[in-house]
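S.K.: sequence first, then the predicted structure:
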Amino acid sequence: MKNTMIALATVGLISFGSAAQAGDATAGQAAYATCIGCHGAAGEGGVGPKLAGQAAADVAAKLHAYKKGEQVGPMTSMMAPMAAGLSDADIDNIAAYTASM
């Protein structure tokens, strides 16, 4: 019984955390317009890596890291200035949109 309660509580927290971070893919599509030049209109990649098929949480984590000025990879010098002006909502929305590609 105790294990069942712990499992249910864990599922509830995970679900709540996912809902709290869920973005608006429609708003993300509009914000993604500035990403097309490097990541492609369908997230297929180009100068930047392919974003289509990546999990929203992964895209959001990378964008938050770029925004903080953390070194993420070889494209950090290009991405950090792009992410610097994004709000947390913008990041969640872009992540939701790229995950829907």
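M.R.: The structure has been received and is ready for your questions. From a predicted model like this one, the values you see are computed outputs, not experimental measurements. Residues are numbered from 1 along each chain as shown.
S.K.: ok, the residue nearest the centre of the chain to Ala96 distance?
M.R.: Nearest to the geometric centre of the chain sits Ala60, at 2.5 Å (C-alpha atoms, centre = their mean). As judged by C-beta to C-beta, to the nearest Å, Ala60 and Ala96 stand 9 Å apart. Backbone N, C-alpha and C define where each C-beta goes, glycine included.
S.K.: all helices in the chain, in order from the N-terminus.
M.R.: Using DSSP state H, the helices of the chain run over 2-21, 25-31, 36-39, 56-68, 76-84, 88-99.
S.K.: comparing these, which yields the minimum mean pLDDT?
M.R.: Comparing mean pLDDT across these, the weakest is helix 2-21, with a mean of 41.
S.K.: just give me the neighbour total for Pro49.
M.R.: When counting by other C-beta atoms under 10 Å, one arrives at 15 neighbours for Pro49.
S.K.: what sits closest to Pro49 if chain neighbours are left out?
M.R.: Sequence neighbours aside, His39 is the residue nearest to Pro49 in space, at 7.3 Å (criterion: C-beta to C-beta, 6 or more residues apart in numbering).
S.K.: what's the burial count for that neighbour?
M.R.: For His39, using other C-beta under 10 Å, the count is 21.
S.K.: roughly how far apart are it and Gly46?
M.R.: 7 Å.
S.K.: sorry, back to before: for Ala60 and Ala96, list the residues in contact with both.
M.R.: Gly23 (C-beta atoms under 8 Å, 6 or more residues apart in numbering).
S.K.: many thanks, we can stop here.
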